[in-house]
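Participant: Any chance you can model this:
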Amino acid sequence: MRQTISTLTIIALLLLGGCATQNTDVRSAAKPLVFGVVAPLTGTNAFYGTFTKAGAELAIEEINKAGGVDGRNVQVIFEDTASDKAKATSSAKKLVEVDGADALFAMLTPMAGAVAPVAEESGVPLIYWSPSTSFSVGKKYVFQDYFDAAGTCEMLMRQAVESGMVKVALFGVQAEVSQLCKQGAERVGVVSAYETYNTGDSDFKTQFTKIGQGKPEAIILSTFAPDCKNAFKQVRELGIDSTLLLPYADTACGTKENTEANLDLLKDAYGAGWDVDENSIDPAFLAFKEKINSRGGTTQMAGSVIIYDSIKTMAQAYSGCSDAKCATDNLRAMHGFPGITGPISYDGRQTVARGLMLTKLEDGKWKKVK
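Facilitator: Numbers count the residues shown, from 1 in each chain. Okay, here's the model as predicted:
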């Protein structure tokens, strides 16, 4: 009889233990991972926020359809900064302190610079999209998923030198990205003139007049997308006849809208950016394009691809993890994650390893230089 009671007791305890475990699993599965995205969804830089949102939403949808991360759904919360750095800081703090964000993402250099300190101090992993490296170098929780400005301008300057151009000027926003661009260009050749403008400026005639006086054969335009329209207008008005070289072509002066409106100025122009060939017939890229277009499209396909891949890498980093430190360690150690753009690696660094692509405007379209 004692043996029977003992057996029944054991069975009951096992059943109760099983139920407790099951309930714990259910509770765990019910608590989603929270990904917070800080981006300019309105205002002059809404172009960036629109393609960010398109890529992020598709990635989140696919992750959840595939069962989430270890059975946990991923919830995405977008915070609109309207390009205000103070608002970016408060949005990041709100995501961490109120929404309990497990990961942060930031689009555009000023926003990334505002969010990075919040992420580092809070111990929440951040992936940002900006060519500025200073936000991530030497940090623990901050990661840059973007090409280095110095690398793109080095590529463009090399093309200019190989094409026989001796005088190459640089016009750019007064920020780290332009300084890095200059450093990269000077690895290959001499920058014959260097002129900058402040964010928010719209009149660049003084700077372009100085550049034009040197009769450069090429000008590197290191500007934000909203400023390209004024830059093109004033280059045309001043009659400057130089080959234009565009770093961040996909998301700045080489966008579809800017290209179509300035085909005369962009004749024989070169661009540099992500190794995302929009004319590619790769099945994975074609499937991505079809999905994005079925959801209403995007303002920039290549940008949406990069953001999509970033969200997927963060989700992968959280696989098997119960805390941010574990996910951060996984992200830093990531090597060869299969992204739409190809293998994605951090390899112990805070900056991603992604390929760069040189393009040239031919027949009104940007085509990859073989």
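
Participant: Look up how far A103 lies from G36.
Facilitator: Distance, G36 to A103, using Cβ to Cβ, to the nearest Å: 7 Å. Any C-beta I mention is one placed from the backbone N, CA and C, and that applies to glycine too.

Participant: That should have said A327, apologies.
Facilitator: A327 sits 7 Å away from A103, going by Cβ to Cβ.

Participant: which residues in the chain form strands?
Facilitator: In the chain, the segments counted as strands under DSSP state E are 33-39, 74-80, 103-107, 126-129, 142-144, 168-173, 191-197, 218-222, 243-247, 270-274, 337-339, 342-344, 356-362, 365-368.

Participant: now the angle from the first one to strand 74-80?
Facilitator: Translated: strand 33-39. 20 degrees (axes from the mean of the first three to the mean of the last three Cα atoms, to 10 degrees).

Participant: Packing partners of strand 33-39?
Facilitator: Applying 3 or more Cβ pairs under 8 Å, 6 or more residues apart in numbering; DSSP states H and E, we find strand 33-39 packed against helix 46-65, strand 74-80, helix 85-97, strand 103-107, helix 109-122, helix 301-318.

Participant: rerun that using 6 Å as the cut-off
Facilitator: helix 46-65, strand 74-80, helix 85-97, strand 103-107 (3 or more Cβ pairs under 6 Å, 6 or more residues apart in numbering; DSSP states H and E).

Participant: and that strand, C-alpha only, in CSV?
Facilitator: In CSV, the C-alpha atoms belonging to strand 33-39 read as follows (Å, rounded to 0.1, in the frame of the first residue of the first chain):
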residue,chain,number,x,y,z
LEU,A,33,10.8,40.2,-28.1
VAL,A,34,10.5,43.9,-28.6
PHE,A,35,12.5,45.6,-31.4
GLY,A,36,12.4,49.4,-31.3
VAL,A,37,13.2,51.4,-34.5
VAL,A,38,14.1,55.0,-34.3
ALA,A,39,13.8,56.7,-37.7
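
Participant: how far does it sit from the chain's center?
Facilitator: For strand 33-39, the separation from the chain centroid amounts to 14 Å (computed by Cα atoms, centre = their mean, to the nearest Å).

Participant: still on that earlier bit, any idea which of the strands of the chain is most buried?
Facilitator: strand 103-107 (a mean of 29; mean count of other Cβ atoms under 10 Å).

Participant: Low-confidence regions, the chain specifically.
Facilitator: Along the chain, segments meeting pLDDT under 70 span 1-30.

Participant: how does this structure divide up, domain by domain?
Facilitator: Following automatic domain parsing, one finds the domains of the chain at 33-147+281-355, 149-278+357-368.

Participant: could the helices and strands packed on strand 33-39 go into JSON lines alongside distance to T259?
Facilitator: Shown next, in JSON lines, are the helices and strands packed on strand 33-39 (distance: least, Cβ to Cβ, whole Å):
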{"stretch": "helix 46-65", "distance to T259": "14"}
{"stretch": "strand 74-80", "distance to T259": "27"}
{"stretch": "helix 85-97", "distance to T259": "29"}
{"stretch": "strand 103-107", "distance to T259": "22"}
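
Participant: Figure out which of these is closest to M357.
Facilitator: Closest of the helices and strands packed on strand 33-39 to M357 is helix 46-65, at 17.4 Å (criterion: Cβ to Cβ).

Participant: neighbouring contacts of that closest one?
Facilitator: Here helix 46-65 makes contact (Cβ atoms under 6 Å, 6 or more residues apart in numbering) with 37, 39-41, 73-74, 76, 107-108, 225, 291-292, 298-300, 303-304, 307-308, 311-312, 315.

Participant: quick one: T152 from G36, how far?
Facilitator: Distance from T152 to G36, by Cβ to Cβ: 28 Å.

Participant: That should have said E62, apologies.
Facilitator: Taken as Cβ to Cβ, the span from E62 to G36 is 19 Å.

Participant: what's the answer for I306, then?
Facilitator: From I306 over to G36 the distance is 18 Å, taken as Cβ to Cβ.

Participant: what do you get for A324?
Facilitator: 13 Å.

Participant: so who does the most centrally placed residue in the chain touch?
Facilitator: In the chain, the centroid-proximal residue (Cα atoms, centre = their mean) is W129; its distance is 2.9 Å. W129 is in contact with M107, Y146, counting by Cβ under 6 Å, 6+ apart.

Participant: And for the spatially closest residue to R354 that is not a sequence neighbour, the neighbour number?
Facilitator: Nearest residue to R354 in three dimensions, chain neighbours excluded: F147, at 6.0 Å (Cβ to Cβ, 6 or more residues apart in numbering). Neighbours of F147 under the rule other Cβ atoms under 10 Å: 24.

Participant: overlap in contacts of A327 and A103?
Facilitator: Residues touching both A327 and A103 (Cβ under 6 Å, 6+ apart) are P125.

Participant: Look at H335 and say how many residues are nearby.
Facilitator: The local packing of H335 (other Cβ under 10 Å) involves 11 other residues.

Participant: Kindly report the same for A59.
Facilitator: A59: 24 neighbours (other Cβ under 10 Å).

Participant: how near is it to K370?
Facilitator: Distance from A59 to K370, counting by Cβ to Cβ: 31 Å.
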